[in-house]
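K.L.:
sequence and predicted model, in that order:
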Amino acid sequence: MLQCQLRRPSRQGLLATVLLAAGAGLAQGQDLYFAQPYATRLYTNPGYTGLLDDYSVTLNYRNQFPTLAGTFQTSQLSADFRFRDQRNAVGVLLNHDRTGGIGYTRLQAGATYAHHLRLSKTFGLSAGASVGYGNQRVSYGNLVFGDQLTDDGSTGAPTLEVADFKPVHYLTVGVGGLVYNEYFWVGMAAHHLNQPDLAFITQATLPMRLNVHGGFKYYLKRTVVRRQPREISVAPTGSYTRQGGSQRAEAGLYFTASPLTLGAVYRGIPLQSGPRPQQALTTILGVSLGTFRLGYSYDVSLSQFSRELGGAHELSLTLRDFDMLEASWRRLKRRNYPSIPCPAF
């Protein structure tokens, strides 16, 4: 029987191992989660490509269960560009997910494309697609096997256990779309349509991830100061995600008083079907200053088990541009497309 242990084991480390083992036993993979869905909108739905800015470059970092010394860490780099005809936009997306305790890493790089249509003077439609290449691997540097232990507990000799899981390579494709006007938006996306195999030994598919999301923005005040839009608004949002045998429902509320945005999202709304999900309350603080956006969020766990592992910190930093003069010219020529009112964080 194969025996191994983590170096410097702890109660939190054992909890993490239990979580990982449980996920492996399902023979299905799961996608990573971000608490700022509109700062990671290309990951949420490829239809968002080029909708919010003329161009943008965003860096996101998420540290989940920080009491485990960074065991669950995710980084994402995304960028999108809208062509001057406003009908076409392209984007790139790079994700890096790391589970430090057992040295598991997943790297995925992809591209997105969206085509924008003006359905009427006030309604717009965006249809998008994505394609990505992924690589996942396991490092054994942090593991100690039974044949490396002596009576006094010291280690030193190399293990005779065969632990040579080759890296897994896979291809994934997805589609998504949005309908919107200046007051509301609703979208749907389907990721991993081909359900790629992520197994190291036996088959373990990455199930299709389906997501439906939307929201409504109520403007208390709108104006333009020095060619920059300013607003005071309230925006309730909602989202439902299903992947394999798991599902997640969320409800949020964003308050914006330019340049600040405050948000609260409740994750884990109980559903009639399926097991009771882990519940969390996410608080979001964002600021938009010129060409920069900076966002921070923290997950406050409402479930006892996950509370022992700590919450989650998430940061987003965006460099973006929106040409107000160009938009005004297009509006005069009746060539301007509706603007999507979703939050930026």
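P.N.:
Yes, it's here. Numbers count the residues shown, from 1 in each chain.
K.L.:
do I have it right that L52 meets A344?
P.N.:
Yes: using CB atoms under 8 Å, L52 makes contact with A344 at a distance of 6.6 Å. Glycine gets a C-beta too; all of them are placed from N, C-alpha and C.
K.L.:
what touches both of these two?
P.N.:
Y38 (CB atoms under 8 Å, 6 or more residues apart in numbering).
K.L.:
L52 and S339, how far apart?
P.N.:
8 Å (CB to CB, to the nearest Å).
K.L.:
and P229, by the same measure?
P.N.:
9 Å.
K.L.:
F72 now?
P.N.:
Applying CB to CB to F72 and S339 gives a distance of 36 Å.
K.L.:
ok, those two, which is more surrounded?
P.N.:
The residue with more neighbours, out of F72 and S339, is F72; 22 against 15, by other CB atoms under 10 Å.
K.L.:
now that one: closest residue in space, sequence neighbours ignored.
P.N.:
Q64 (4.0 Å; CB to CB, 6 or more residues apart in numbering).
K.L.:
that neighbour touches A312, doesn't it?
P.N.:
Yes: judged on CB under 8 Å, Q64 makes contact with A312 at a distance of 4.1 Å.
K.L.:
give me the common contacts of those two.
P.N.:
By CB under 8 Å, 6+ apart, the residues touching both Q64 and A312 are D299.
K.L.:
what about this structure, any weak spots by pLDDT?
P.N.:
1-30, 65-71, 100-103, 139-165, 199-203, 227, 273-277, 303-310, 322-337 (pLDDT under 70).
K.L.:
just give me the residue right at the centre of it.
P.N.:
F34 (3.5 Å; CA atoms, centre = their mean).
K.L.:
these two touch, right, that residue and T58?
P.N.:
No: counting by CB under 8 Å, F34 stays clear of T58, with 11.0 Å between them.
K.L.:
overlap in contacts, the two.
P.N.:
T40, Q76.
K.L.:
I'd say L210 and A190 touch.
P.N.:
Yes: if you go by CB under 8 Å, L210 and A190 touch, sitting 5.5 Å apart.
K.L.:
quick one, what contacts the residue nearest to the centre of the chain?
P.N.:
T40, Y43, T44, N60, R62, T74, Q76, E314.
K.L.:
looking at those, which is nearest V179?
P.N.:
T44 (15.4 Å; CB to CB).
K.L.:
helix/strand/coil for the residue lying closest to the closest one once chain neighbours are set aside?
P.N.:
With CB to CB, 6+ apart as the criterion, T44 has its nearest non-adjacent residue at 4.9 Å, and that residue is P37. Classification of P37 by DSSP: H, G, I helix; E, B strand; the rest coil places it in coil.
K.L.:
please apply the same query to G47.
P.N.:
Under the three-state scheme (three-state DSSP), G47 adopts helix.
K.L.:
before we move on, back to that, N211 versus the residue nearest to the centre of the chain, what's the distance?
P.N.:
From F34 to N211 the distance is 12 Å (CB to CB).
K.L.:
now for these two: what residues contact both?
P.N.:
With CB under 8 Å, 6+ apart as the test, F34 and N211 both reach T44.
K.L.:
if we can go back for a sec, list the contacts for the residue nearest to F72?
P.N.:
Per CB under 8 Å, 6+ apart, neighbours of Q64: F72, Q73, T74, D299, A312.
K.L.:
and the last one, how many neighbours?
P.N.:
A count of neighbours around A312, defined by other CB under 10 Å, yields 23.
K.L.:
does R267 have beta-bridge partners, and which?
P.N.:
E250, A280 (DSSP bridges).
K.L.:
hmm, it is touching Y240, no?
P.N.:
No: applying CB under 8 Å as the test, R267 and Y240 come out as separate, 11.3 Å apart.
K.L.:
next, show the common contact partners of these two.
P.N.:
Joint contacts of R267 and Y240 (CB under 8 Å, 6+ apart) are R248, E250.
K.L.:
higher neighbour count, the two?
P.N.:
Taking other CB under 10 Å, R267 and Y240 do not tie; R267 has more neighbours (22 against 16).
K.L.:
OK, contacts around the more buried one?
P.N.:
R248, E250, P277, Q279, A280, L281, T282, D299.
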